[in-house]
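Participant: sequence-free structure coming up:
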């Protein structure tokens, strides 16, 4: 019987041979697989896309992927090495924009108070989004968290490209830096050193992008919801400090 692997933005099922990702819109399934093909053609290791099909009687679709054995998350410095290759090599011609500020998703009824409390932080994040939008655009992953850049077959492999598209490279770097801080696995300075010097990832720009990522991760807690985590993230934002996962915690 198929097993539900996760159900955060889309339900992902597997029977141990193939992976099926359920999308509300067939166009979303097509979009993700076309983008993954770009990464693959540039030499980036990804889960192999196998095609899409429409769910009968609906606007929804299912994207099919080859099953991969995941050995666990890679070290953050390895993740940015994979990202640097993608940023420098994946073509951007006629590619859609990345979805790197996901504030348009419906709020869970139990998380309305949390959503309202995040209003001033969302405004700041949107202002930062506008500032960063002027940077040169490359192909970014858009959601480079430890569940999406993993170790498989002894190497680094990318998963879940639903947020991918063109955008400033600092967004991916900031995502890895924020998650590395939250999980205590690395520091932002180590992440930047591993990525290697680039004019679009200056300390000032990185700090701005890290704030935007932190706000976006707090907003994500209004979807399911993760209320305790969400309020903890607001407290961290209000205190100008990073959110840190407790023992046994794991980032989405």
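Facilitator: Received the coordinates, thanks. Values in this document were obtained by computation on a predicted structure and should not be read as measured data. Numbering: from 1, shown residues only.

Participant: now name the helix or strand holding the residue nearest to residue 203 when sequence neighbours are not counted.
Facilitator: Leaving aside its sequence neighbours, residue 203 sits nearest to residue 192 (Cβ to Cβ, 6 or more residues apart in numbering; 7.9 Å). Heads up, the C-betas are built off the backbone N, CA and C, glycines and all. If you go by DSSP states H and E, residue 192 is part of helix 188-195.

Participant: surely the residue nearest to residue 203 touches residue 206?
Facilitator: Yes. Between residue 192 and residue 206 a contact is recorded at 6.8 Å, counting by Cβ atoms under 8 Å.

Participant: what residues are shared contacts of the two?
Facilitator: Counting by Cβ atoms under 8 Å, 6 or more residues apart in numbering, the shared contacts of residue 192 and residue 206 are 173, 177.

Participant: residue contacts, residue 141?
Facilitator: The contact partners of residue 141, by Cβ under 8 Å, 6+ apart, come to 83, 86, 148, 149, 158, 161, 163, 164, 172, 175.

Participant: I'd like those as JSON lines, with distance to residue 44 and pLDDT appended.
Facilitator: Below are those laid out as JSON lines (distance: Cβ to Cβ, whole Å; pLDDT from 0 to 100):
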{"residue": "83", "distance to residue 44": "9", "pLDDT": "98"}
{"residue": "86", "distance to residue 44": "5", "pLDDT": "98"}
{"residue": "148", "distance to residue 44": "13", "pLDDT": "93"}
{"residue": "149", "distance to residue 44": "10", "pLDDT": "96"}
{"residue": "158", "distance to residue 44": "6", "pLDDT": "97"}
{"residue": "161", "distance to residue 44": "10", "pLDDT": "95"}
{"residue": "163", "distance to residue 44": "16", "pLDDT": "94"}
{"residue": "164", "distance to residue 44": "11", "pLDDT": "97"}
{"residue": "172", "distance to residue 44": "12", "pLDDT": "98"}
{"residue": "175", "distance to residue 44": "17", "pLDDT": "97"}
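
Participant: tell me the one of these nearest residue 239?
Facilitator: Using Cβ to Cβ, residue 175 comes nearest to residue 239 of those, at 21.2 Å.

Participant: quick one: contacts for that closest one?
Facilitator: Applying Cβ under 8 Å, 6+ apart, the residues near residue 175 are 141, 143, 144, 145, 213.

Participant: tell me which entries of these lie within strands.
Facilitator: The strands, defined by DSSP state E, take in nothing from the contacts of residue 175.

Participant: so which of these comes closest to residue 54?
Facilitator: Once Cβ to Cβ is applied, the member of these that ends up nearest residue 54 is residue 143, at 24.8 Å.

Participant: so that closest one sits against residue 163, correct?
Facilitator: Yes. With contact defined as Cβ under 8 Å, residue 143 counts as touching residue 163 (4.3 Å).

Participant: could you check which of those two has the larger neighbour count?
Facilitator: residue 143 (26 against 22; other Cβ atoms under 10 Å).

Participant: distance of the more buried one from residue 18?
Facilitator: Going from residue 143 to residue 18 by Cβ to Cβ, to the nearest Å gives 22 Å.
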